[in-house]
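In: Below: sequence and its predicted model.
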Amino acid sequence: MSHGNNNHPNASGIGRRPVLGGLAAAAALGLAGAKRAGAQNMTDQPDLILRNGKVTTLDPAQPGATAIAVTDGLITATGSDREVMALAGTATKIIDLGGRRVIPGLNDSHTHLIRGGLNYNMELRWENVPSLADALALLKAQAERTPAPQWVRVVGGWNEFQFAERRWPTLDEINAAAPDTPVFILHLYSHAMLNAAALKVLGIGKDTPNPPGGVIERDARGEPTGLLIAKPSALILYSTLAQGPKLPVEEQLNSTRHFMRELNRLGVTSVIDAGGGGQNYPDDYDVIERLHADGQLTLRIAYNLFAQKAGEELSDYERWVAMTEPGAGDAFLRVNGAGENLAWSAADFENFMEPRPDLAPSMEAELEKIVELLATNKWPFRIHATYDETIDRFLTVIERVNGKTPLAARFTIDHAETVSQRNMERIAALGGGIATQHRMAFQGEYFVDRYGARAAEATPPIARMLEMGLPVGAGTDATRVASYDPWVGLYWMTTGKTLGGLRLAPEANTLDRETALRLWTEGSAWFSGEEGAKGRLAPGRYADLAVLSADYFAVPAAEIRGITSVLTMVGGRIVYGTADFADLAPPLPPASPDWSPVRTFDSPGQRTAAVSAPPPQTQHARACHDGCASACSLHGHGHQIAWASPLPVSDKRAFWGALGCSCFAV
C-alpha cells in the first residue's frame, strides 16, 4: 500500500536542524540495509536475536520472518531462524518468542501523552468495565480511599453503550457512591457529572452564571443538579476539570512513567503529542524533559506546540519560532511543529450531541497570519478539524498562504470525520496528510442519531483516503474522551463497529487487518517525518516492536480489543514484559500517591477478561434510567438523547413522542 510518501514534499526531513541522536543514522542505515538485502551479508555480531516468532515486518523486501537481529538499537537482519542465528556470537543474547506474533511498535499519531501523564495516577479508568454496576462499585471504592482535598476523576475512555445496562450513571447514583469525596465524571465531549461534594468545592450554586458555550443544568428551584453541558464548547468541562488539585512534581514524574508503561503494555512505542489546553511551552514540559534527561522515557515522543490563549496565538508562535525549531531534540523527544490548536477561533468542537458549530467570520484573518508565519519559517503544522465545512474554510486559508509562500513542510488535518472527496483532493494537492482517530467508536451512536446511519458509513472515509494516496495516520486523541488503547482503534477500523456493537461502516469501508496495522505503524511515522526510521521491521530501522498476547491476524474480530503486548522493545531495549518475559521487564516503582487508582485497580490493558463481543443491539436499543416503563421491548429508547437533541415534541419523557420506533407500522 502506498501512502504517497516517496514523492511527498519534505518526506525525508522536517526542519532546519537535523534531529540529534539517531534519526539520521537510522535512515542512512536503512538504505545500507536495503542494499545488503537482509541477513546474509551481515558480519557484525548482533547484541540480541529474537527467534521462533511469526514476524510481520511490513517490509516488502521480506514481509515475513521468524527471527530478528538487533545491534545498537537498530534492526540489522530479519529472516529465518537459520539465517539470523548464523550471525550470533558468544555475547549475543537470544530470546525465544515461542511462536508468538511480532509487529512493529505501534505509533499513536495524535494523542496527549505529556498532559495525560501528569494526571494518569489520579484518574479512575472505566475502559473495559462491563457494567455500570461494576463502574459504580469502582467509584465507591476509590472515593473511600481518596483523601481530602483530592477528587475522584473518571476522564474519558468509556461510554454508556459498553455497559450491560446501556445507560450513564444517574447523579443520585454518583452521590450515593461518593457522598463526601468530590467526583468529576466526563462523558464524551458532551457532559460532565459532578456530585454534591464537587459542586460545593467548586462553589457552583444557584447564582453561578453559565459560562460561554456551556450550560449548568438546574432543577425546578434553580439549583445546579451537577450536570455540566457543552453547548457546544467543551470549555466548561475542561476548565472545571482544571480546578482539581494537582500532584506534586515527584508524583507527576511517577505518574508519567506509569502512563508510559501502560502504553508499552499495549504495544505502543511512539507517540505524536498534539499539545493541549493549559499545556504551555516550555513551562509545562519540565516533567517530560526531566524524565528524558534521566533516561526514563520508554516511548519516542514528537510534540506539537499548542496555542494557549485566545487573542494571543500569533504571539505564542512568534515566541516559539524564535525559541526552538522542528527537529530540535533527539530520537526520543523532539519538537514536531505547531498545533493542533493554531487559533481558538478555528476550534470546531466535536460534540455530536449538539449541532455543528459555525466558526466566527474573523477566523480566516486570524488563522492566515499564523499559517503565514509557520510557512515562512518552514514549520510543519497540524489543525483540529472535525467537519467538512470547517476543513473547507481552513483549506482556503492554506491555499492562499501557499500561493504566496509555498509550503515546504508537512501539514496535517486532524480528525476529519466528515471530510468530503473535494476537500481530500485539495489536501492531496497541497501535500497534506490526515491523522484519523477512533472517536467514532465512542460517539458513533450519537452521530447516527443526529446525522443518520448513511452518513456514518464512511466517517471518516479512511478507505477512500488510502485509494487517493493520501498520507494517513492512526491514533486515539486520548485521554479526555477516547481510550488510549490502540486495539480499540484496530477493532473499529477492521469491523466498522462501535464499542457498543453498533455497525457503522459496511464491509467495503472497513480495512483489512494488515492495512489497519500499517496506519498504526508506518502510516503514523509520516506525521513526524520519521517514515524512514519507524514503522517497519527492516534492516536500519529502529528496533521498536511488540510481541503480542494473541495473534492479531488469526483471532476472531471481537478479540482484537483484548490484545496486549507480552514483550515491548524500544530501540532494542526491553521496556515491558510479562508472562514468559516478566523477568526481562525493567522495574518500576509503585504508583504514587498511595491512594492512586493505578496502585489498586487493574488498568484497562489488564482487564482482558472483560473484553468480549458486546451484546447485540439495534440502533436505538437503550435502557432508560429515570423510572420510565414505556420502552419498546424490541428497540428500547434513550431519554439522554431526547433531552440533549432538538426534537419536535412537547413531552420528552414520553416514549412515543421522543424516540419512538415504527413497530406499530409493521
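Out: Ah, there it is.

In: got the buried residues for the helix or strand in which residue 320 is found?
Out: For residue 320, the element it lies in under DSSP states H and E is helix 313-323. By neighbour count on 16 or more other CB atoms under 10 Å, the buried set for helix 313-323 is 313, 314, 316, 317, 320, 321. Every C-beta, even on glycine, is put in place using the N, C-alpha and C of the backbone.

In: Can I get it in CSV? Just the C-alpha atoms.
Out: What follows is helix 313-323, C-alpha atoms only, in CSV (Å, rounded to 0.1, in the frame of the first residue of the first chain):
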residue,chain,number,x,y,z
GLU,A,313,-2.0,32.8,19.4
LEU,A,314,0.2,34.7,16.9
SER,A,315,2.3,36.0,19.8
ASP,A,316,2.7,32.4,21.1
TYR,A,317,4.0,31.2,17.7
GLU,A,318,6.3,34.2,17.2
ARG,A,319,7.9,33.5,20.5
TRP,A,320,8.2,29.7,19.9
VAL,A,321,9.7,30.2,16.4
ALA,A,322,12.4,32.3,18.0
MET,A,323,13.0,29.7,20.8
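
In: Show me which positions of the helix or strand in which residue 136 is found end up buried.
Out: With secondary structure defined by DSSP H and E, residue 136 is part of helix 132-145. Buried residues in helix 132-145, counted by 16+ other CB under 10 Å: 132, 135, 136, 138, 139, 140, 141, 142, 143, 145.

In: Pick out whichever of the residues you listed sits closest to residue 50.
Out: Residue 50 has its nearest neighbour among these in residue 138, at 37.4 Å by CB to CB.

In: give the contact list for that closest one.
Out: With contacts taken as CB atoms under 8 Å, 6 or more residues apart in numbering, residue 138 has the following neighbours: 124, 126, 129, 597, 601.

In: which two from those end up farthest apart in space?
Out: Across the contacts of residue 138, no pair lies farther apart than 129 and 597, at 12.3 Å, counting by CB to CB.

In: May I have the helix holding residue 136 as CSV, with CA atoms only?
Out: The C-alpha coordinates for helix 132-145 follow below in CSV (Å, rounded to 0.1, in the frame of the first residue of the first chain):
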residue,chain,number,x,y,z
LEU,A,132,-22.5,0.2,35.2
ALA,A,133,-22.8,-1.6,38.5
ASP,A,134,-19.2,-2.5,38.3
ALA,A,135,-18.2,1.0,37.4
LEU,A,136,-20.1,2.4,40.4
ALA,A,137,-18.5,-0.1,42.7
LEU,A,138,-15.1,1.1,41.5
LEU,A,139,-16.2,4.7,42.0
LYS,A,140,-17.3,3.9,45.6
ALA,A,141,-14.1,2.0,46.5
GLN,A,142,-12.0,4.8,45.1
ALA,A,143,-14.0,7.6,46.9
GLU,A,144,-13.4,5.8,50.2
ARG,A,145,-9.6,5.7,49.5
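
In: count of residues packed around residue 271?
Out: Using other CB atoms under 10 Å as the criterion, residue 271 is surrounded by 29 other residues.

In: swap in residue 289?
Out: 14.

In: got the contact list for the helix or strand harbouring residue 271?
Out: Following DSSP H and E, one finds residue 271 within strand 268-273. The contact list for strand 268-273, computed with CB under 8 Å, 6+ apart, reads 105-114, 263, 299-304, 336, 435, 473, 475, 486, 524-525, 527-528, 530, 534, 544-546, 568-570, 575.

In: And stretch 79-97, by the same measure?
Out: Taking contacts as CB under 8 Å, 6+ apart, the residues outside stretch 79-97 that touch it are 38-40, 42, 44-53, 62, 65-69, 76-78, 547, 567, 581, 584.

In: coming back round to it: now render the buried residues of helix 313-323 as CSV, adding distance to residue 592 and pLDDT.
Out: What follows is the buried residues of helix 313-323, written out as CSV (distance: CB to CB, whole Å; pLDDT from 0 to 100):
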residue, distance to residue 592, pLDDT
313, 36, 93
314, 40, 96
316, 33, 95
317, 36, 96
320, 32, 97
321, 38, 97
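
In: And residue 186, how close does it get to residue 543?
Out: Here residue 186 is placed at a distance of 37 Å from residue 543 (CB to CB, to the nearest Å).

In: and the most centrally placed residue in the chain, what does it touch?
Out: To find the centre residue of the chain, average its C-alpha atoms and take the closest one (CA atoms, centre = their mean): that gives residue 476, at 1.8 Å. With contact set as CB under 8 Å, 6+ apart, residue 476 has these partners: 108, 110, 111, 437, 438, 482, 483, 484, 485, 486, 488, 489.

In: Leaving out the residues flanking it, which one is nearest to the fifth one?
Out: With CB to CB, 6 or more residues apart in numbering as the measure, residue 489 is the residue that lies nearest to residue 438, at 3.8 Å, once sequence neighbours are left out.

In: What pLDDT is listed against the one you found?
Out: Listed pLDDT for residue 489 reads 96.

In: for residue 128, same thing?
Out: Taking residue 128 on its own, its pLDDT is 87.

In: where does it land in three-state SS?
Out: Three-state secondary structure (criterion: DSSP: H, G, I helix; E, B strand; the rest coil) places residue 128 in coil.

In: residues near it, how many?
Out: For residue 128, which is what you asked about, the neighbour count (other CB under 10 Å) is 25.
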